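>>> Need a 3D model of the sequence below.
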Amino acid sequence: MSKLKTINLLVIIAFLLSISVGVHAQEEERPDFSLIEYKSGKRHSFKDILTTKVNVMIITSTTCGSCISELKAMDWIRAKYKGDMSVTAVFIDRRGESRVYGYLKYYNFDLDKFLVDPGGAVPSRFAAPTVPTMIMFDKKGNERFRKTGFTAGDESLIITKAEEIMYGKRKGEGRRAKGGAKTSEGAQVAPGPKTSGCASTG
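Numbering: from 1, shown residues only. Purely as a prediction, here's the structure:
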């Protein structure tokens with residue numbers, strides 16, 4: 001084999017190895033967990049929440065006032081974008097599943113998944129020191145937007161960011177959500193009760 005062919009072969013091998021290492025690194029970097037779902041008792045991992053064009057994960061708690069406001073707002077927003085948006089609430093309460101189950105039965109939120117994480121696996125994996133923390137992912141599992149805390153009026157920001165992921169940016173033009181509600185620029189949405197502050201996940 002000539003010296004040139006040997007060099008070319010080594011270059012190709014090095015290139016293939018770099019791709020393999022890169023893919024493996026991406027797989028290792030992707031956070032994962034195994035949490036129990038409310039009602040069904042099924043175990044879910046991170047990949048289980050990646051289902052549609054925009055995937056919203058809310059790290060929350062039953063002891064946080066602003067968390068209630070955010071979950072109520074997401075109830076309304078998810079209903080408007082049903083089919084284009086999946087919303088998962090992850091409760092980090094250390095008091096156990098029974099408290100979370102009682103809370104969900106009382107409020108009767110209508111989101112896609114409710115997971116219980118008493119061990120705090122999700123906050124540590126996603127670097128979320130406080131609740132509520134909202135993280136939006138695209139359908140490939142890439143984080144596209146993050147927000148901590150919730151106050152009245154945040155609904156407009158959430159809708160704008162979700163639409164950017166679902167539909168792309170539309171300059172100077174709002175997009176109509178299902179049900180005819182105007183969103184994005186000049187959004188008119190039902191505000192939640194005003195709250196302030198957030199709680200630590202530590």
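>>> Buried residues, stretch 78-88. List them.
Judged by neighbour count (16 or more other CB atoms under 10 Å), stretch 78-88 contains these buried residues: R78, K80, Y81, D84, M85, S86, V87, T88. Any C-beta I mention is one placed from the backbone N, CA and C, and that applies to glycine too.
>>> same check, this time on stretch 110-125
Those would be L111, D112, K113, F114, L115, V116, D117, P118, A121, V122, P123, for stretch 110-125 by 16+ other CB under 10 Å.
>>> Give me the distance between the two termini of it.
The separation between the terminal residues of stretch 110-125, taken as CA to CA, to the nearest Å, is 26 Å.
>>> As a check, name the ranges of all strands in the chain.
35-37, 43-44, 54-60, 85-91, 113-116, 130-131, 133-138, 143-148, 199-200 (DSSP state E).
>>> Tell me the one among the buried residues of stretch 110-125 nearest to V54.
D112 (11.7 Å; CB to CB).
>>> From T88, how far out is that closest one?
6 Å (CB to CB, to the nearest Å).
>>> and stretch 36-51, how far apart are its ends?
18 Å.
>>> So for that stretch, mean pLDDT?
Mean pLDDT, stretch 36-51: 87.
>>> now do stretch 75-87
Mean predicted confidence for stretch 75-87 is 93.
>>> domains of this structure?
1-27, 35-200 (automatic domain parsing).
>>> Excluding chain neighbours, what is closest to K42?
I36 (7.5 Å; CB to CB, 6 or more residues apart in numbering).
>>> Point out where this structure drops to low pLDDT.
1-31, 169-202 (pLDDT under 70).
>>> Recalculate using a threshold of 90.
1-53, 82-83, 94-98, 118-120, 139-140, 168-202 (pLDDT under 90).
>>> And the helices in it?
3-29, 65-80, 97-107, 121-125, 154-167 (DSSP state H).
>>> List the buried residues of the third one.
Going by neighbour count (16+ other CB under 10 Å), the buried part of helix 97-107 is R99, V100, Y101, Y103, L104.
>>> Please look at the third one and S40 and confirm they touch.
I take that to be Y101. No. Under the criterion of CB atoms under 8 Å, Y101 makes no contact with S40, lying 11.9 Å away.
>>> which residues do these two both contact?
Common contacts of Y101 and S40 (CB atoms under 8 Å, 6 or more residues apart in numbering): none found.
>>> circling back: tabulate the buried residues of stretch 78-88 (TSV), appending distance to M57.
Output for the buried residues of stretch 78-88, formatted as TSV (distance: CB to CB, whole Å):
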residue	distance to M57
R78	13
K80	19
Y81	16
D84	16
M85	12
S86	9
V87	8
T88	5
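>>> Can you pick out the most distant pair from these?
K80 and T88 (17.5 Å).
>>> Now the common contact residues for D112 and T88.
I49.
>>> between the buried residues of helix 97-107, which is closest to C67?
Y103 (10.0 Å).
>>> what's the closest one in contact with, if anything?
Y103 neighbours (CB under 8 Å, 6+ apart): T62, F91.
>>> Return the distance of the closest residue to M74 other than its chain neighbours relative to Y167.
Nearest non-adjacent residue to M74, counting by CB to CB, 6+ apart: V87, 5.3 Å away. Relative to Y167, V87 is positioned 17 Å away (CB to CB).
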